[in-house]
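Asker: I'd like to go over a predicted model; first the sequence, then the structure.
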Amino acid sequence: MLGLSKRSFVPLFALAVLLPLGAHAEDAKTVPQSQMQMQLSFAPLVKQTSGAVVNVYAEKTVQRQSPFAGDPFFEQFFGQQMPNRSEKQSSLGSGVIVEANGTVVTNNHVIEGADDIKVALSDGREFPCKVVLRDDRLDLAVLKIETKANFPTLPIGNSDAVEVGDLVLAIGNPFGVGQTVTSGIVSALARNQVVKNEFGFFIQTDASINPGNSGGALMNMKGELIGINTAIFSRGGGSNGIGFAIPANLVKVFLTSADAGVKSFERPYVGATFDAVTSEVAEALGLDKARGALIVKVTDGSPAQKAGLKAGEIVTAVNGIPVEHPDALLYRLTTAGLGNTVKLGVVENGGEQEVALKLDRAPETSPRDQRTIGGRTPFTGTVVENLSPRVADELRMPTESSGVVVSEVKEDSPAARLGFEPKDIIVAINGTPVQTTEQLSQIAADDAGLWRVEIERDGQRIRQFFR
């Protein structure tokens, strides 16, 4: 692990704790009292750690449609002589080397859709790398530098030990100007509703974070990674002193999955839906303030039901750690890890009890029976599966969803041209409810000629007719 020498570590706190003889606590703000205090600097810490922060360059090919596409005049005279053209788009971000073999952690949005990814070290070396694991819900990605060299690393700290007011450094490549170090403090913890993903639990800092810092390191004074810089609140695109980082403890869990070689990150399956606690609900249940996660629904046969959880109860803590909102509950369950059992603090009718909940992966309650529909039907080109909690979780759908879901739509297929989309649930065909992929395949084989199709998309029912 990277650490600080006694000389560079202790004096950082000296300005706060060394007082002149006879001074009172309220007089703690003083001018430097010695030459040593006047020479205090973050430089020793930066020298030890900055080599583990890299620039991430991601490049992808996009198709640019001809401006004359669809114009009958130009198509008549030029035909296919003016095809759509492809061009390359580049994005820039940052990353942190966390293992000496070249394992890098960054944000998913930095490398999403990229065909070619490279990392550049602070010493000028560049290497190609591959994606080992990525997840859009966590906005995390793990990359592997494709070389057998050893690299400097940044040890991962315990983000639960972070407190508001702690000194931090942010290291990254803002606006592509090159590696940059900024300092600040931890402004807040457990922030949610920051970005549109399912894990609203962030460390807030006033250390300057700008575009290009995404995926870079938020570091404590021990030289440990405590967060991956991810987002900012900004009116003009620059830093306003409100930046957010994904906590290191979530990074640890994600990295463990990547090292295990899994294809996708799995969060624990609870089998319950939660909502925020309003002041009215808190008052009715005798809570001193509106906090926790209100249980709205419990799925039959789920871990939540087996643990004895019921709708109307409020989860207020996980393993003794207070839970402020549903996002915090999801974070605590995820960082606890699959296969473990957690103790939930649960409030009902003014009384509090402790409940043991086993954290398992989402089950495949019915075989997915994946099928590709062909023939002369509106569904030709769709890949369909039977929904289960596991399939729903893989598709980023509510785990209580059921029926037959479209998991993929082949490009330029009849289904694609008719507007079918992944995550569409096929509810009924010609008035017959569709419950399995086998049933859908049999109905599609009948070649009805006229098709009355009912689908569910984002909770809305859509009815269409096709010939």
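Answerer: Okay, I see it. Numbers count the residues shown, from 1 in each chain.
Asker: C-alpha only now, for contacts and for neighbours.
Answerer: OK.
Asker: would you map the strands across the stretch 301-450 of the chain?
Answerer: Along the stretch 301-450 of the chain, the segments classed as strands by DSSP state E, counting those that start in this stretch run 314-318, 321-322, 341-348, 351-358, 371-372, 382-386, 404-409, 425-429, 432-433.
Asker: residues making contact with the last one?
Answerer: With Cα atoms under 8 Å, 6 or more residues apart in numbering as the contact definition, strand 432-433 has outside contacts at residue 427.
Asker: ok, that strand: who's next to it in the sheet?
Answerer: Looking at strand 432-433 with DSSP bridges, its partner strands are strand 425-429 (antiparallel).
Asker: what's the angle from the partner strand to strand 404-409?
Answerer: Following axes from the mean of the first three to the mean of the last three Cα atoms, to 10 degrees, one obtains 120 degrees for the angle between strand 425-429 and strand 404-409.
Asker: for the closest residue to residue 310 other than its chain neighbours, list the residues it contacts.
Answerer: If the residues on either side of it in the chain are set aside, residue 310 comes closest to residue 298, at 6.4 Å by Cα to Cα, 6 or more residues apart in numbering. Residues counted as contacts of residue 298 (Cα under 8 Å, 6+ apart) are 271-273, 304-305, 309-311.
Asker: which pLDDT value goes with residue 214?
Answerer: Looking at residue 214, its pLDDT is 88.
Asker: without its sequence neighbours, what residue ends up closest to it?
Answerer: On the basis of Cα to Cα, 6+ apart, the spatially nearest residue to residue 214 that is not a chain neighbour turns out to be residue 230, at 4.8 Å.
Asker: likewise residue 328?
Answerer: With Cα to Cα, 6+ apart as the criterion, residue 328 has its nearest non-adjacent residue at 6.0 Å, and that residue is residue 201.
Asker: what pLDDT is listed against the one you found?
Answerer: For residue 201, the pLDDT comes out at 88.
Asker: residue 186 belongs to a strand?
Answerer: Yes: with DSSP: H, G, I helix; E, B strand; the rest coil as the criterion, residue 186 is part of a strand.
Asker: any weak-confidence spans in the protein?
Answerer: Residues of the chain that meet the criterion pLDDT under 70 lie in 1-29, 62-89, 195-199, 233-240, 350, 448.
Asker: in it, which spans are helices?
Answerer: The residue ranges that make up the helices of the chain, judged by DSSP state H, are 6-9, 14-17, 35-38, 43-49, 72-78, 108-111, 248-259, 279-284, 303-306, 326-336, 389-394, 414-418, 437-444.
Asker: mind checking those helices for the one nearest to residue 134?
Answerer: When those are ranked by proximity to residue 134, the top entry is helix 108-111, at 6.1 Å, counting by Cα to Cα.
Asker: using PDB, write out every CA atom in that closest one.
Answerer: The C-alpha atoms that make up helix 108-111 are tabulated as PDB, following Å, rounded to 0.1, in the frame of the first residue of the first chain:
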ATOM      1  CA  ASN A 108     -18.800   3.500 -17.900                       C
ATOM      2  CA  HIS A 109     -19.900   6.700 -19.700                       C
ATOM      3  CA  VAL A 110     -16.300   7.300 -20.600                       C
ATOM      4  CA  ILE A 111     -15.900   4.200 -22.700                       C
END
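Asker: quick one: contacts of that helix?
Answerer: Defining contact as Cα under 8 Å, 6+ apart, one finds that helix 108-111 is touched by 56, 58, 91-93, 117, 134-136, 139-141, 214-215.
Asker: which among those residues count as buried?
Answerer: Those of the contacts of helix 108-111 that meet the buried threshold are 56, 58, 91-93, 117, 134-135, 139-141, 214-215, by 16 or more other Cα atoms under 10 Å.
Asker: which of those fall within strands?
Answerer: Per DSSP state E, strands hold the following members of the buried ones among the contacts of helix 108-111: 56, 58, 91-93, 117, 134-135, 140-141.
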